[in-house]
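Participant: Just need the structure, nothing else, for what follows:
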Amino acid sequence: LANASAVTARAVERIPVIGDLAGLLTFRTFEETKNGVEAHFDIPRIEGLNSAAQQNLNAAVDGYAAELIAQYEEEAKLAGEALKEAPDYLKENQTARTSMESTFEVLTDNERIFSIGMETTSVSAGSNVTKKHFTVDKQSGAVLSLDRLFQEGSDYASVLKQEVLRQMGEQMQADSEKVYFPEAFEGIKADQDFYINREGALVPSFDKYDVAPGLMG
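Facilitator: Model (predicted):
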């Protein structure tokens, strides 16, 4: 209920025991429709962490939300230009409509780590889903990049690449419905998206088509 309504979230913050949890689930919504392009973004507002962790994580989330809004505005601008050129066709053709929706989920919340994921679905003639994850160290207050998880100067990217390739092969051998493109995997990027799961394991995240066919997500 708290996740479904900012008003409800604020109300349950006043209830003992669950108040701290409710504080982590508040959000603001950006909602707009222009030139047949619709946007609905639920943007999390993290509370209940120490000052540095809370400030840094919210800044990172807000920065990504600004990118999503800019992407929507660019789509709406292009749609407006297209409407001027062919207004009658586009008004009748429903595939010309585009929608963008973003939701979020708390993935890990323990004594040391807080990880949150944002998922954005874009629908036009087809659909596409992108994910972005943020992980903050509650003790240092830092929003973690991949290189901060390893000793300085270590060749962590090569080690992780080999582990990803190993797991690709292992999964395909165990399940014929799983398909990856190991030959197309270029390795771990400097800005690689990832999160830390509840078991404390590092989970790199890849966009659709990066390492597998579209049916794999």
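Participant: Now the element after the helix or strand of the chain with the lowest mean pLDDT, going C-ward?
Facilitator: Here the helix or strand of the chain ranked lowest by mean pLDDT, DSSP states H and E is helix 19-23, holding a mean of 53. Using DSSP states H and E, the helix or strand that follows helix 19-23 in sequence is strand 27-34.
Participant: what bits of this structure have low per-residue confidence?
Facilitator: Along the chain, the parts satisfying pLDDT under 70 run over 1-10, 12-13, 16-25, 89-96.
Participant: Can you list the residue ranges for helices in it?
Facilitator: According to DSSP state H, the chain carries its helices in the segments 6-12, 19-23, 51-85, 87-92, 156-174.
Participant: mind checking which of those helices is nearest Thr33?
Facilitator: helix 51-85 (8.6 Å; Cβ to Cβ). The C-beta positions use only the backbone N, C-alpha and C, and glycine is treated the same way.
Participant: Buried ones in that closest one, by neighbour count?
Facilitator: Under the neighbour-count criterion of 16 or more other Cβ atoms under 10 Å, helix 51-85 has 53-54, 56-58, 60-61, 64-65, 68-69, 72, 75-76, 79, 83 buried.
Participant: Val106 touches Met118, doesn't it?
Facilitator: No. If you go by Cβ atoms under 8 Å, Val106 and Met118 don't touch, sitting 11.0 Å apart.
Participant: Among the two, which residue is more densely surrounded?
Facilitator: Met118 (21 against 15; other Cβ atoms under 10 Å).
Participant: bridging residues for that one?
Facilitator: Beta bridges link Met118 to Phe104, Lys132, judged by DSSP bridges.
Participant: I'd like the helices of the chain as CSV, with distance to Glu31 appended.
Facilitator: CSV is the format used below for the helices of the chain (distance: least, Cβ to Cβ, whole Å):
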stretch, distance to Glu31
helix 6-12, 13
helix 19-23, 23
helix 51-85, 10
helix 87-92, 22
helix 156-174, 37
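Participant: out of those helices, nearest to Thr135?
Facilitator: For these, distance to Thr135 was read as Cβ to Cβ. The smallest value, 8.8 Å, belongs to helix 51-85.
Participant: What is the closest one packed up against?
Facilitator: For helix 51-85, the elements it packs on are strand 27-34, strand 37-44, helix 87-92, strand 98-109, strand 113-123, strand 127-137, judged by 3 or more Cβ pairs under 8 Å, 6 or more residues apart in numbering; DSSP states H and E.
Participant: returning to that earlier point: ok, which of the helices of the chain comes nearest Ser145?
Facilitator: Distance to Ser145, taken as Cβ to Cβ, is lowest for helix 51-85 among the helices of the chain, at 10.4 Å.
Participant: Quick check: the closest residue to Ser158 other than its chain neighbours vs Gly126, distance?
Facilitator: If the residues on either side of it in the chain are set aside, Ser158 comes closest to Gly187, at 7.7 Å by Cβ to Cβ, 6 or more residues apart in numbering. Separation of Gly187 from Gly126 (Cβ to Cβ, to the nearest Å) stands at 28 Å.
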